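Peer 1: coordinates only, no sequence provided:
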C-alpha cells in the first residue's frame with residue numbers, strides 16, 4: 001500500500017519519496033485511516049515501526065486541509081515525548097515530511113536557551129514537539145497557551161510514566177479547554193497506563209502491530225557470561241576480533257560511561273559519550289560523530305534508550321543489564337530496524353542472572369549463551385544451581401504490564417529503589 005493511495009497531498013508524497021518511503025508499515029496501515037477520520041487512537045507499537053509517520057502525516061494533512069493564520073503563543077498540534085533526543089528526532093522527521101509546505105514546526109526541550117524558544121513560540125507554530133518539563137516552564141511563563149489545541153500526541157507514553165511525568169501530563173491536560181484529537185503511542189502497557197488512557201482518550205481506536213514487549217524478528221540475541229571486572233576487556237576483544245564498526249553500548253551509571261570511554265580510547269577504539277551530565281550540544285555532537293562513523297562506539301545511559309534513530313545500526317551491547325526487564329526491549333530497539341539485521345549482545349555477571357531470567361520471561365525466548373575462552377566467570381555453574389533451587393529465585397517476577405495487575409505504584413517504586421540500592425552495593429564491592 002502506497003502513501004499516494006492514502007490521498008495525501010502531492011507535496012507530502014513528494015517529500016516522502018525523497019525520504020525513501022515507499023510502502024506503509026503495519027502501524028501506518030492501521031493508524032493513518034483512523035487518524036484521517038479524526039478518531040482518538042490508543043496504539044501499542046515498538047520502536048522502529050514507523051510510528052512518527054503514522055501520527056504526524058494525518059496531522060500535517062489535516063492542517064493543510066484547514067489553513068488558519070498562526071496565533072501568537074499558540075500551536076495547532078502538540079506532540080509530547082519523554083527525552084530531548086526523541087523530541088529532536090520527531091521534529092526533524094516532521095520537517096522532512098512537510099518540507100514542501102509552509103507549515104512551521106518547532107521543538108522545545110531542556111538543555112537549550114529559553115530565550116530562543118520564546119521567540120519561536122511568540123510567532124506561533126503549527127506543530128510543536130516538546131518534553132513535558134520544558135513545555136510546562138513555557139506555560140508558566142505565558143509563552144504558550146493550549147486552550148485551542150486541535151491535535152495532541154503522546155509518543156513513548158510508557159517511558160513518560162516511568163520517568164515520573166504523570167503529574168506533568170495532568171498539568172498540561174488541565175490547560176487544554178477543548179477536546180483535541182488525541183493519540184497515545186506506547187511500546188508497553190501497565191495498569192497506570194490504562195488509567196491515563198481512560199482519562200485522556202474518547203472512544204479510542206485500539207491498534208496493536210506486535211505482541212506486547214516483543215522484540216523485532218530481525219534481532220539476534222546473545223549473552224556472554226563474564227565477571228564484572230572483565231567486561232571492559234571483553235568489549236574491546238569483541239570489537240577488535242569481530243571488527244565491529246558501529247556499536248551502541250548501554251551502561252547504568254554515568255560514572256561507568258565516563259570510565260569505559262577512557263579505557264576504550266586507551267585500547268585504540270574511538271568512543272563518544274551520551275548521558276545526562278552532558279550538555280545537549282555535546283550529546284548531539286557525539287551522536288553526529290557516531291552516525292558519521294567518526295567514532296566507532298557510543299557509550300550511553302538510559303537517556304539514549306529511546307529516540308535515537310541510527311540508520312542501519314548493527315550492534316547494541318548491554319554492558320550493564322538494565323534495572324527493569326522492559327528497558328532491555330527499548331535499548332535493543334535501536335538495532336534491527338526497517339527490516340535490517342541487528343545484534344543484541346549482553347554481558348551478564350553473576351549478580352545479573354536474575355535480570356536475565358526476567359528478560360527471557362518478558363520476551364518469551366531463551367537467549368543463546370556464548371562463553372568466550374579466557375572470560376569464563378568463576379564458579380558460575382555452582383552459583384546458578386544454588387540460585388535456581390531457591391524458591392525465591394524461581395518465583396520472583398519482574399514488573400509486568402498486565403492491565404489487570406493490581407500492584408500499586410508505591411510497591412513498584414519501592415522495588416526499583418531496592419534494585420538501585422542493591423546494584424550500588426554490588427558496584428562498590430567490585431571496585
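Peer 2: Arrived safely. Note that the structure is predicted; figures quoted are calculated from it, not measured. Numbering: from 1, shown residues only.

Peer 1: count the residues that sit near residue 201.
Peer 2: Counted by other CB atoms under 10 Å, the residues lying close to residue 201 total 19. The C-beta positions use only the backbone N, C-alpha and C, and glycine is treated the same way.

Peer 1: quick check: it touching residue 186?
Peer 2: No - assessed by CB atoms under 8 Å, residue 201 is found out of contact with residue 186, at 11.8 Å.

Peer 1: how's the chain carved up into domains?
Peer 2: 4-208, 219-430 (automatic domain parsing).

Peer 1: mean neighbour count, these: which tops it?
Peer 2: Mean neighbour count (mean count of other CB atoms under 10 Å) peaks for domain 4-208 among the domains of the chain, with a mean of 19.

Peer 1: re the thing from before, turn the domains of the chain into JSON lines, including mean pLDDT.
Peer 2: Compiled in JSON lines, these are given as follows (pLDDT from 0 to 100):
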{"stretch": "domain 4-208", "mean pLDDT": "91"}
{"stretch": "domain 219-430", "mean pLDDT": "80"}
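
Peer 1: what residues are up against the closest residue to residue 84 other than its chain neighbours?
Peer 2: Nearest non-adjacent residue to residue 84, counting by CB to CB, 6 or more residues apart in numbering: residue 109, 4.3 Å away. For residue 109, the contacting residues are 84, 87-88, 130-131, 134, 280, by CB atoms under 8 Å, 6 or more residues apart in numbering.

Peer 1: and those residues, which of them are in helices?
Peer 2: Among the contacts of residue 109, the residues falling in helices (DSSP state H) are 84, 87-88, 134, 280.

Peer 1: from the residues you listed, which two are the most distant?
Peer 2: Farthest pair in the ones in helices among the contacts of residue 109 (CB to CB) is 88 and 134. Separation: 12.2 Å.

Peer 1: strands of the stretch 201-350 of the chain, start to end?
Peer 2: With DSSP state E, counting those that start in this stretch as the criterion, the stretch 201-350 of the chain has strands at 205-208, 219-225, 247-250, 271-274, 297-300, 315-318, 342-348.

Peer 1: let's have these in JSON lines, adding distance to residue 334.
Peer 2: Output for the strands of the stretch 201-350 of the chain, formatted as JSON lines (distance: least, CB to CB, whole Å):
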{"stretch": "strand 205-208", "distance to residue 334": "22"}
{"stretch": "strand 219-225", "distance to residue 334": "10"}
{"stretch": "strand 247-250", "distance to residue 334": "6"}
{"stretch": "strand 271-274", "distance to residue 334": "12"}
{"stretch": "strand 297-300", "distance to residue 334": "9"}
{"stretch": "strand 315-318", "distance to residue 334": "5"}
{"stretch": "strand 342-348", "distance to residue 334": "8"}
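
Peer 1: out of the ones you listed, which comes closest to residue 92?
Peer 2: Between residue 92 and the strands of the stretch 201-350 of the chain, the tightest spacing by CB to CB is seen for strand 271-274, at 17.1 Å.

Peer 1: got the contact list for that closest one?
Peer 2: So strand 271-274 is contacted by 257-258, 260-261, 264-265, 282-283, 286-287, 289-290, 295-301, 303-304 (CB under 8 Å, 6+ apart).

Peer 1: cutoff 10 Å now
Peer 2: Strand 271-274 has contacts (CB atoms under 10 Å, 6 or more residues apart in numbering) with 85, 235, 239, 247-249, 254, 257-258, 260-265, 278, 282-290, 294-301, 303-304, 308.

Peer 1: good, wrapping up.
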